[in-house]
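Novice: sequence and predicted structure below; questions after.
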Amino acid sequence: MGFPGTWMTETESVVYRVVPKCACSTIGQIMYYSDHGAFFDGDIHDAVDGLHKWAREDSQPLIQANVTAHKSYAFTCVRNPYTRILSSFFDKICGIQRNGKRYRGKLVPLLIQKYGIDVGGDDGKQEFDQIKSFRRFLLFARDTIRWHRPMDPDIHWSAQAGHVATFIANGGTYDKIFWTESFNDGMEQVLDAVETPHQLDLKTIPRFNESEGHGPRRAHPVEDYFDDLSMHLIKEIYHRDFALFKYDFDDPSNKMPIGEIDLHEVHAKLGE
């Protein structure tokens, strides 16, 4: 199976396991800059050189050798499951993607037909009941994750623990897992731990939020989207994310973690 979703700098200074919707665009750009002294011109997900990615066949032997031997510092970044699933809904379901089309072609028409979801019209700019539509989307997300129906789960709303686990299961070891919610602190610890050709100041770099502007803005506080049933579904889908990455399941309004991530626990639980 190898190391899907794994990126590595060309200098092999650092290895990163991508978790979608967790600042991955910014992290990729930081890695690119640390090697080249400039940011990639465009969406880092589109870069086909300047950064090793498991999706590139020529990168796979290098990533495989590095990760299995734990030659470089390896890290990933996680996010509160409540805000992550909301972000996925507004970006991927309600939003028009950078190619000018709906995400995954027939996905949104399927959701409108089978789940009664409203996405704000053809351009995603019309008013609609965000809370009602999101809760219906949550049923769909649960169905894809629990029963792989009406389709396999998408990487943007499948559990973070699953992404993090493949790296461990195939022989990788994390040196750091940090939270999107305290991004600068976590990323600084990674940069302090590695030697890179180019230094950068995290306080001054732009945020490369490639999903910004794709969809409508969230009109309500996070907690308004989650009633008792929604929280039950969230627990069913993301119970490992809350437990391992120390987020507060009981209070959707609290996006901050409530404990420290235990790397030994993560490796033990996800390496089984």
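Specialist: Sure thing, it's come through.

Novice: so where's the stretch 101-250 of the chain uncertain?
Specialist: Along the stretch 101-250 of the chain, segments meeting pLDDT under 70 span 210-214.

Novice: quick one, helices of it?
Specialist: 107-115, 130-147, 160-169, 183-193, 228-245 (DSSP state H, counting those that start in this stretch).

Novice: please produce a markdown table containing these, extended by mean neighbour count.
Specialist: C-beta coordinates here come from the backbone N, C-alpha and C atoms, glycine included. Converted to a markdown table, the helices of the stretch 101-250 of the chain look like this (neighbours: other Cβ atoms under 10 Å):
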| stretch | mean neighbour count |
| --- | --- |
| helix 107-115 | 15 |
| helix 130-147 | 18 |
| helix 160-169 | 20 |
| helix 183-193 | 16 |
| helix 228-245 | 17 |
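
Novice: can you lay out these as TSV showing distance to Met256?
Specialist: Output for the helices of the stretch 101-250 of the chain, formatted as TSV (distance: least, Cβ to Cβ, whole Å):
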stretch	distance to Met256
helix 107-115	31
helix 130-147	22
helix 160-169	16
helix 183-193	12
helix 228-245	12
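
Novice: Ile96: which of those is closest?
Specialist: Closest approach to Ile96 among these (Cβ to Cβ): helix 107-115, 10.1 Å.

Novice: how deep is the closest residue to Leu110 other than its chain neighbours tucked in, by neighbour count?
Specialist: Of all residues not flanking Leu110 in the chain, Pro150 sits nearest, at 6.5 Å (Cβ to Cβ, 6 or more residues apart in numbering). Pro150: 13 surrounding residues under other Cβ atoms under 10 Å.

Novice: ok, Pro150 - contacts?
Specialist: By Cβ atoms under 8 Å, 6 or more residues apart in numbering, Pro150 lies in contact with 110, 114, 140, 143-144.
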